[in-house]
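# below: sequence and its predicted model.
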Amino acid sequence: MIIADMTMAEFVAGLEQTRTVLIPFGSTEEHGSHLPLDTDTLHAMEVGRQLSQQRSIFIAPPVHYGVCRSSSQHPGTVTITTGTLKRLTTDIVKSLHQQGLMNFVLLSGHAGGTHMAALTDAGERLLEMLPGIRIAVLTEYMLASREGAHLIETEGDSHAGEIETSRMLHSHPHLVKGTAPREFPTFPTGILVRNKRKFWPGGVWGDPSKATAEKGAQLEAVVLRALDHLVDQLEGWNEDPVR
């Protein structure tokens, strides 16, 4: 059930089937010279769309902006602060809760550490604010990192490389503009730098040349199975109160 496509009456009817909603989080961020700026959002939204065809679940409109620290100086990246992301997440979940939703999956196609920390902080705060809700905060990478590892040839592949290019070749091939050179960033350990493009000029973290649509289909299937299982877990989650 894609919320953006539903009428009021359809939303009310949907509440009779489920109280679970998936909120796709992404980014508007460079993905090398060959992938669209919306890559992370497209990944999360596509998996949500497919999940909604398999089970009763609401899919909220995606959040297209994220915290993009390392890529903030690359052309096309639009980054927001952690405070903005936390407030936006809190407001969206609170509003959906007022509409009757109780189980929340915050699925991010963007896996930046600062970004995910902000989403997790928001989730922890929401658990305190809204008694009775269940909430999961995770990235697609968390779902596929173990079962899908054998599919990937590039060690350390992470951003606009073999994995993401394969996914896009499968789901949105018309948006893939060729390929890009293999690259890994050279940021110094522990030292924050002002000129981020000096240490990561091409914006690729991995090897896009190893990507194939077949790998993308297999990776997407892995993510979808794991996500379906996670929703089962969340809907059945029951914690004893802290004594």
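Here it is on my side, so go on. Please read these numbers as outputs of a predicted model, since none were measured by experiment.
# quick one: the strands in the protein?
20-25, 58-59, 103-108, 134-139 (DSSP state E).
# which stretch among the ones you listed comes nearest A13?
Nearest to A13, of all those, is strand 58-59, at 11.6 Å by C-beta to C-beta. All C-beta spots, glycine's among them, are computed from the backbone N, C-alpha and C.
# what average pLDDT does stretch 38-55 get?
In this model, stretch 38-55 carries a mean pLDDT of 97.
# run through who's touching it.
Here stretch 38-55 makes contact (C-beta atoms under 8 Å, 6 or more residues apart in numbering) with 1-2, 18, 22, 24-29, 31, 36, 57-59, 62-64, 66, 107-110, 140, 160, 164, 167-168, 171-172, 175, 220, 223-224, 227-228, 231.
# give me the buried subset of those.
Buried members of those, scored by 16 or more other C-beta atoms under 10 Å, are 1, 18, 22, 24-29, 31, 36, 57-59, 62-64, 66, 107-110, 140, 160, 164, 167-168, 171-172, 220, 223-224, 227-228, 231.
# next, count neighbours for G190.
5 (other C-beta atoms under 10 Å).
# before we move on, what about R146?
Neighbours of R146 under the rule other C-beta under 10 Å: 10.
# gap between A144 and I163?
Shown here: A144 relative to I163, a distance of 8 Å by C-beta to C-beta, to the nearest Å.
# hang on, the earlier thing: now the strands of the chain as JSON lines including distance to S70?
Formatted as JSON lines, those follow (distance: least, C-beta to C-beta, whole Å):
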{"stretch": "strand 20-25", "distance to S70": "17"}
{"stretch": "strand 58-59", "distance to S70": "29"}
{"stretch": "strand 103-108", "distance to S70": "16"}
{"stretch": "strand 134-139", "distance to S70": "15"}
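# which outside residues touch the longest helix along the chain?
Taking DSSP state H as the criterion, the chain has its longest helix at helix 213-235. The contact list for helix 213-235 (C-beta under 8 Å, 6+ apart) reads 20, 22, 46-47, 50-51, 54-55, 57, 103, 105, 107, 134, 136, 138, 140, 143-144, 147-148, 151-152, 162-163, 165-171, 173.
# just the buried residues of those.
Buried residues within those, counting neighbours by 16+ other C-beta under 10 Å: 20, 22, 46-47, 50-51, 57, 103, 105, 107, 134, 136, 138, 140, 143-144, 148, 151-152, 162-163, 165-171.
# who does the helix or strand of the chain with the lowest mean pLDDT touch, helix- and strand-wise?
The helix or strand of the chain with the lowest confidence, counting by mean pLDDT, DSSP states H and E, is helix 140-144 at a mean of 85. Other elements packing on helix 140-144 under the criterion 3 or more C-beta pairs under 8 Å, 6 or more residues apart in numbering; DSSP states H and E are helix 39-54, helix 213-235.
# neighbouring contacts of that helix?
Contacts for helix 140-144 (C-beta under 8 Å, 6+ apart): 43-44, 47, 107-109, 111, 158, 219, 222-223, 226-227, 230.
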